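Student: Sequence plus predicted model, see below.
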Amino acid sequence: MKKVVWLWLVIGIIVGSAALGVTEFALHATSTNEFCSSCHKNDAAPEWRASKHYVNAYGVRAGCSDCHIPKDFVPKMIRKTKALGEVYGHFTGVIDTPEKFEAKRLEMAESEWKRLKANGAQECRNCHFMDAVNNPDKEYLADMHKGVLESGEQVCTDCHKGVAHKAP
C-alpha cells in the first residue's frame, strides 16, 4: 500500500511539474513581441515600432507585454484569458484586416484604458517613476505629475493616450 501511495506521489509531482513547465512556456511564448506582431503586423505593430516606446534616445524599448500584460500572477491570468477572446476574434475575422481593426480601435482602446484605470496604470508605473521626472525645460512636470497621480483620480492614460499606438 505504501508503494502505491509513493508511486502516486511521484506521478503527481512529475505531472504537476510538467504542467507548470508547459504553462510557463505558453505564458512566455504568447508574451513576445513576435507573437503579438504575428497578428498585428498591419495595424498595432507598425504604430508601436514608430513610437517612443520603440525608438528613443535612451535605447529603452517597451515591448507589447510590458504595457498590455500585468506582472502579478492573478491579473496576468485574467488578462491572458481575455486575450484568448481577442486571438479568437482575429482568426474568426472580427479584426483580421486593417479596416476591421480600425473600426474596433475605439472599443479596444477604451477597454485597455479601463483596465489601466482600474489598476492605477501599473504597467506604466513599472517603467516610469515619478520621482525620476527631471526636465530642466519643463520644471513644473514633476510637481504636476506627482499631484495628479497622488490624487488617485487620474492615471497616466487619462492624459497620455496614443503614446504607443494611434489614438482613436
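Tutor: Nice, thanks for sending it over. Numbering: from 1, shown residues only.

Student: in the protein, which ranges drop under the pLDDT threshold?
Tutor: Within the chain, no range satisfies pLDDT under 70.

Student: switch the cut-off to 90
Tutor: Within the chain, the stretches with pLDDT under 90 are 1-3, 58, 85-87, 89-91, 95-97, 128-153, 162-163, 167-168.

Student: Helices of that one, start to end?
Tutor: 2-29, 33-40, 44-49, 64-68, 73-91, 98-118, 122-125, 140-151, 156-159 (DSSP state H).

Student: Would you mind saying which of the ones you listed lies nearest His165?
Tutor: His165 lies closest, by C-beta to C-beta, to one member of these: helix 44-49, at 4.6 Å. The way it works is simple: take the backbone N, C-alpha and C, and place the C-beta from them, glycine included.

Student: What helices and strands are in contact with the closest one?
Tutor: Contacts defined by 3 or more C-beta pairs under 8 Å, 6 or more residues apart in numbering; DSSP states H and E place helix 44-49 against helix 33-40.

Student: what sits up against the helix it packs on?
Tutor: Helix 33-40 has contacts (C-beta atoms under 8 Å, 6 or more residues apart in numbering) with 29, 44-45, 63-65, 68, 87, 90.

Student: how about a cut-off of 10 Å?
Tutor: The contact list for helix 33-40, computed with C-beta atoms under 10 Å, 6 or more residues apart in numbering, reads 28-30, 32, 44-49, 54, 61-66, 68-69, 83, 86-87, 89-91, 95-96, 101, 165.
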